[in-house]
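Q: Output the structure for:
(one chain, ligands or ions: 2)
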Amino acid sequence: MHVLEAWELYRFFHIGDDETAALRGVNLHVGLGEIVAVVGPSGSGKSTLLSCITGLDEPDGGHVAVAGVRLTRRSETVRARMRAAHFGILLQSGNLFPHLTVEQNIRLQMLMAEKSDQNRIILLLDSVGLAHRASALPIELSGGETARAGLAVALAADPPILVADEPTAEVDRDTESRLVRQFEARREAGLATLVATHSMALAGRADRILSLKDGRIENG
Ligand code: ADP
Ligand code: MG
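A: Ligands and ions are numbered 1, 2, ... in the order given. This is a model prediction of the structure:
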């Protein structure tokens, strides 16, 4: 079953008289137990695609369905509810509330998905190697720690679908392997993962790789 499907997504941006076609008819689907990687040069539309897929942005054409239910062209309230129920999202930045500790950030995410579980917070912190940083504020974290804390937040509610935008962009090899292991554990648990990445180490572990160029999928 395809838990995540996108049909003919189009997204245009206008700045003055200039039009950028960031997505030009993108189709994709991700099944349970699948890791799908989206690769492509900077500016090819990866982040725009992930924003439209998660309902953070609205495509100008086409639609997205999650677990068979259309997400596109719903009210912001409905989209937010569907996001909380289905997605864990790791963006390129801004994944943590700056005034909350790592642990509080994870707990808040669980509260929003109505899945509070103190034991799981401890397990999550441990699995991303941040057990000793639970009470640190985001400003006190290194780049790699920030990425891992963001991943712990994205995984907090054990989401059926994880969407991650370049999760290994600023991390060292060790952290990268740790993140790859997290994604593989999700596959084993039958969960879906969609990841935009430049990392061949990460894309190499995916079940499928979609190459995006100028807003179009070149294979798939
Ligand atoms: P990638 O993540 O692959 O680097 P993006 O999805 O960020 O690519 O960008 C795709 C194209 O859309 C680029 O040309 C970018 O400049 C443009 N773009 C993205 N977001 C906006 C925006 N909010 N306003 C104007 N142009 C945008
Ligand atoms: Mg991007």
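
Q: Residue ranges in this protein under the pLDDT threshold?
A: For the chain, applying pLDDT under 70 flags the ranges 220.

Q: Show me the strands in it, by range?
A: Under the criterion DSSP state E, strands of the chain are mapped to 2-15, 18-31, 35-39, 61-66, 69-70, 87-90, 161-165, 192-196, 208-213, 216-217.

Q: Distance to Lys46 added to these, as a markdown table?
A: The C-beta positions use only the backbone N, C-alpha and C, and glycine is treated the same way. Output for the strands of the chain, formatted as a markdown table (distance: least, C-beta to C-beta, whole Å):
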| stretch | distance to Lys46 |
| --- | --- |
| strand 2-15 | 12 |
| strand 18-31 | 10 |
| strand 35-39 | 5 |
| strand 61-66 | 16 |
| strand 69-70 | 23 |
| strand 87-90 | 13 |
| strand 161-165 | 7 |
| strand 192-196 | 4 |
| strand 208-213 | 6 |
| strand 216-217 | 11 |
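
Q: Export these to JSON lines and append columns for mean neighbour count and distance to ligand 1.
A: Below are the strands of the chain laid out as JSON lines (neighbours: other C-beta atoms under 10 Å; distance: least, C-beta to the nearest ligand atom, whole Å):
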{"stretch": "strand 2-15", "mean neighbour count": "17", "distance to ligand 1": "3"}
{"stretch": "strand 18-31", "mean neighbour count": "18", "distance to ligand 1": "3"}
{"stretch": "strand 35-39", "mean neighbour count": "23", "distance to ligand 1": "8"}
{"stretch": "strand 61-66", "mean neighbour count": "18", "distance to ligand 1": "15"}
{"stretch": "strand 69-70", "mean neighbour count": "12", "distance to ligand 1": "22"}
{"stretch": "strand 87-90", "mean neighbour count": "24", "distance to ligand 1": "14"}
{"stretch": "strand 161-165", "mean neighbour count": "25", "distance to ligand 1": "7"}
{"stretch": "strand 192-196", "mean neighbour count": "26", "distance to ligand 1": "7"}
{"stretch": "strand 208-213", "mean neighbour count": "18", "distance to ligand 1": "7"}
{"stretch": "strand 216-217", "mean neighbour count": "18", "distance to ligand 1": "12"}
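
Q: out of those strands, which comes closest to Val78?
A: Checking these against Val78 by C-beta to C-beta gives strand 69-70 as the closest, at 9.8 Å.

Q: partners of the residue sitting nearest the centre point of the chain in the sheet?
A: The geometric centre of the chain, computed from its C-alpha atoms, lies nearest to Val163 (C-alpha atoms, centre = their mean), at 2.1 Å. In this entry, Val163 is beta-bridged to Ile89, Leu194, by DSSP bridges.
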